[in-house]
Structure formats: C-alpha cells, structure tokens
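Novice: just to be clear, the model below is a prediction. Sequence and coordinates:
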Amino acid sequence: MLYMWVEPASVSLTVTDRLYLSPSHDAYLLLGYTLSFRVWKSVHDTETEVVLGQGEYELSVERDPNDDDDVITVDQDTGTVTAQGLGLTSLSVTHPSLPENSASQLPRCSVFVVEPSYLTLGVEEEDRWVLESGRQYQVTVRVHDQEGHTAHLAQNVVMTVELSDWLFYILETSSNSSYHVLETRGAGHTTIRAALFTVLTEDGRALPLIPPIRAEQEVEIYEPLTLQPRLLVFPWQPEGQLYQHHMQVEGGSGAVSWSVSDSDVAVVTIKGEVVAGKRRGQMDIQASDTRNPVHTATGQVYVLRPAGVDVLAQRGDCRVGETITLPLAAWGVQEEENQAQEPPQGSSGPQTQTLLEVTDCSFINLHIITSPQGVFTRLPRTHTRCGSALYVCS
C-alpha cells in the first residue's frame, strides 16, 4: 500500500444552532438595574425563542477568579440580568454538551455596570427641539455614564418629567416615565425638566441618587408650515419671458430651504421666487424648515398650454374721467396624456383635458376690443397679473 508511512489527519466538527441574543449589543446598566435577555434560534428563516435551562442552552456569566463579588447575576428561568456591582463582565450562551473551545461560536455580549453621570432628553428625528403644533412626537429620557455611554433604563427607577400642560397633550407614558408620546397643542416656548431620584432593587430596597440627576431642555413650537398659494399655474411661452411669482411661507421657525421635483419645469430661488414658463409640465415644490427638516409644506406648479381667456361678468358705473376695472381670467389646459409634449402626427387617441385658471398671464398679449369704440380708453400695461385690465371712461 502506497504512503503507509504518512500519518492520518483528523478534524473535529461541532454543529450548533444558529442563535442570537436579544438585545445583542453591549449593555450598560446602573446598580440595581435589571435587563431581560432572550435567546432566539433561526431555522429556515423562521425564528423561535429558545427555552433556557432544562439541560439545554443557558446564559453564563464570566467571573474574575480574583474577585469574589459578582458584577451581574442571571436568573436562568427568565433570562433576567441584575446589576450587582460596578465593573465589566461578559454574558454568553452555553450548552452543557458542547466543548469549551466551541464557546466562541455562540453569541455573547459585554455588560457594563456603571455610575450615572447626567441625563439628556431626546426627541425623534435627530433630537431637533424645534417642533410643530398639532403633531405627535416621541420624547425619551436617557441616562449616561461619565464617558457618555447610554445606560439601559429599567422599569425599577423613580423618575419625574415635567411638561407644560398648555403646550402638550400626553398620549402615552411608560411606567418609569422615561418615554412619552406627546402631541403639541399650540405655538410657544417652554422647558421640559427631568429628574432621576432612585433605583428600586428586586427585594424592595431603594438606592437613592444623592443628589438626584436633573436635566432641562428648551423647546420651541411653531405653527405648521404652509405655502400661499399652494397652486401656481403659468401659461407656456417657449420664446417669451419667464414668469416669476413669490411663494409666501407661513408658520415654521422662519428659515426654510427649497426643493423641486423637476427643475426643467420650474426653479425656486432661496428667497422663494418661482421661475417658470419655458417648458410645459407639472412639478412639486417643497419648503422645509431648516431647523427641523421633518417639517415641510408642499405645493404644485403647472406650466400649461393656454386654452382661453374670459371676461368675468360684472356690472358697474363709471363717470367721465374715472377708471373702471375689467376682470379677466385666463385658462391653461392640463392634458393627462402626453402632457408636456405635442401628440404625434396622425394620433387619434383620446386625451382627457382639464382647464386650470392661470395665476399670472402678464406676458400674454391680450387684444381687448370695446363696443362701441371711444367710450373707454385702456390704460397701457395695467394688468400685472391675470385678473384685470384698467380703463378710463372717456
């Protein structure tokens, strides 16, 4: 037999379940705090919770052989970890039938037991404390250690949060007062105050924080952003002057940024001037509060093929030498099919058309004839917006 002198090779294989811890990240706890861990098993994209103990998987705490004091203890029946002393330890999943060298393949995380240093208050969307009236917000109180790590806030804490009754409705509150769902009632300025007083242990002992840790947060609440007008309609003039119209912003903190969905149809300047008219089409315009971009207001701009002009019905009297206003309205056609393009030659497909009143038609040459002639004299260039032409009674 060839190569009989070659020593055989062997390898040990260990098969484990696909497990993960929840929570899976490193945990920061205060003395007396509790945190429940759960173990999940994934099989064919289906997740089931693992029952701890009973000769199966367990949660194991790494202990320092030179220190008799426990940093944390674990209740194997519930997976609840209790912070017993300051320090760092590891929590890992183990199984009695697995060899020790396979422990690295099982989920584990680090648990830090720290002293509280300060509180912060947070609101959803990047902690921007410029709010809008009539909206709901999620407000949280966070506890940090000296290095800025956020500690888990257990239910066994005594905490207070002071809110303005005339600016907030409280829709939901957690049992430890660290989480609130609020609805703003109106515009104004206020301060939210939070304080952490005591941690209650499982056996009923109180671990007071002397002095209590406090935090304050200034809050600004403004009326919702709105655009006036929300709809701008311009006549299409590919060879004429561009139309400009100022978009008025109401509400918000006073500082806005602008964006458009199609800059070929219209653009908007930093001062809110909408410029359009060269290309037919429709686009959305959005104003965002720069101090909290979650707060927005939207409008629409149409550039449409002119479809008609109307003299609005009116009856009035005019003395010789006085002026009279002739109310006018122009219309553009909104074509739902091939809206921004001419239909191809020979196309007989149906098109649905909607007429929209034009906001500004000051660059359209309107030829107005009065009968009998000579009774009224039109004053030149008097219609700066669609709406009127001015005449003097002769």
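Specialist: Perfect, I can see it now.

Novice: and A287, helix, strand or coil?
Specialist: strand (DSSP: H, G, I helix; E, B strand; the rest coil).

Novice: could you number the chain from 43 rather than 1 from now on?
Specialist: All set: I'll call the first residue 43, so the last point we hit is now A329.

Novice: what's the spacing between it and R177?
Specialist: 16 Å (C-beta to C-beta, to the nearest Å). Yep, even glycine has a C-beta here, placed from its N, CA and C like the rest.

Novice: neighbour-wise, which of these two wins?
Specialist: Higher neighbour count among A329 and R177: A329, with 23 against 13, using other C-beta atoms under 10 Å.

Novice: list the contacts of the more buried one.
Specialist: The contact partners of A329, by C-beta atoms under 8 Å, 6 or more residues apart in numbering, come to L267, L269, M289, V291, G294, V298, S299, W300, G314, T338, A339, T340.

Novice: do the same with T115
Specialist: V103, V123, T124, Q126.

Novice: now, of those, which are buried?
Specialist: With burial judged by 16 or more other C-beta atoms under 10 Å, the buried subset of these is V123, T124, Q126.

Novice: who touches the second one in this structure?
Specialist: With contacts defined as C-beta under 8 Å, 6+ apart, the neighbours of T124 are G74, Y75, T76, I114, T115, V116, D117, T243, E244.

Novice: and if you look at the last one?
Specialist: For Q126, the set of contacting residues under the criterion of C-beta under 8 Å, 6+ apart consists of L73, D111, D112, V113, I114, T115, V155.

Novice: extract the C-alpha set from stretch 297-304 and format it as PDB.
Specialist: What follows is stretch 297-304, C-alpha atoms only, in PDB (Å, rounded to 0.1, in the frame of the first residue of the first chain):
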ATOM      1  CA  ALA A 297     -35.800  79.700   7.900                       C
ATOM      2  CA  VAL A 298     -36.700  77.500   5.000                       C
ATOM      3  CA  SER A 299     -34.900  75.600   2.200                       C
ATOM      4  CA  TRP A 300     -36.500  74.800  -1.100                       C
ATOM      5  CA  SER A 301     -36.500  71.800  -3.400                       C
ATOM      6  CA  VAL A 302     -38.400  70.900  -6.600                       C
ATOM      7  CA  SER A 303     -39.200  67.600  -8.300                       C
ATOM      8  CA  ASP A 304     -38.400  68.800 -11.800                       C
END
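
Novice: rounded mean pLDDT for it, please.
Specialist: The average of the pLDDT scores along stretch 297-304 is 94.

Novice: one more: stretch 156-176?
Specialist: Mean predicted confidence for stretch 156-176 is 92.

Novice: what's the answer for stretch 349-362, then?
Specialist: Averaging pLDDT along stretch 349-362 yields 73.

Novice: sorry, back to before: any chance of the contacts of T115 in CSV with pLDDT and distance to L133 as columns?
Specialist: Below are the contacts of T115 laid out as CSV (pLDDT from 0 to 100; distance: C-beta to C-beta, whole Å):
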residue, pLDDT, distance to L133
V103, 89, 6
V123, 91, 7
T124, 91, 12
Q126, 89, 13
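
Novice: so which residue is dead centre in the chain?
Specialist: A centroid search over the chain (C-alpha atoms, centre = their mean) returns V336, at 4.8 Å, as the residue closest to the centre.

Novice: go ahead and confirm that residue touches E167.
Specialist: Yes: applying C-beta atoms under 8 Å as the test, V336 and E167 come out as touching, 4.7 Å apart.

Novice: surely A349 and W373 touch.
Specialist: Yes: checked against C-beta under 8 Å, the pair A349 and W373 is within contact range at 5.0 Å.

Novice: check contacts around the residue nearest to the centre of the chain.
Specialist: E167, R170.

Novice: that one and V165, how far apart?
Specialist: Taking C-beta to C-beta, one finds V336 at 10 Å from V165.

Novice: distance between the ends of stretch 167-183?
Specialist: Stretch 167-183 has an end-to-end distance of 15 Å (criterion: C-alpha to C-alpha, to the nearest Å).

Novice: low-confidence stretches in the stretch 293-436 of the chain?
Specialist: 354-358, 363, 378-394, 413, 416-436 (pLDDT under 70).

Novice: 90 instead?
Specialist: 319-321, 347-436 (pLDDT under 90).

Novice: setting the sequence-adjacent residues aside, check what's closest to D59.
Specialist: K83 (5.0 Å; C-beta to C-beta, 6 or more residues apart in numbering).

Novice: okay but that neighbour is in contact with V92, surely?
Specialist: Yes: under the criterion of C-beta under 8 Å, K83 makes contact with V92 at 5.2 Å.

Novice: how about the contacts made by the spatially closest residue to Q270 that is not a sequence neighbour?
Specialist: Spatial nearest neighbour of Q270, excluding adjacent residues (C-beta to C-beta, 6+ apart): Q290 at 4.2 Å. Taking C-beta under 8 Å, 6+ apart, we find Q290 in contact with L269, Q270, P271, G314.

Novice: do you know how far Q290 is from V275?
Specialist: Plainly put, Q290 is 16 Å away from V275 if you go by C-beta to C-beta.

Novice: and the contacts of T124, which are buried?
Specialist: Applying 16+ other C-beta under 10 Å to those flags G74, Y75, T76, I114, V116, T243 as buried.

Novice: how about those residues in CSV, adding pLDDT and distance to G230?
Specialist: Output for the buried ones among the contacts of T124, formatted as CSV (pLDDT from 0 to 100; distance: C-beta to C-beta, whole Å):
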residue, pLDDT, distance to G230
G74, 85, 38
Y75, 87, 36
T76, 87, 39
I114, 91, 45
V116, 90, 48
T243, 75, 41
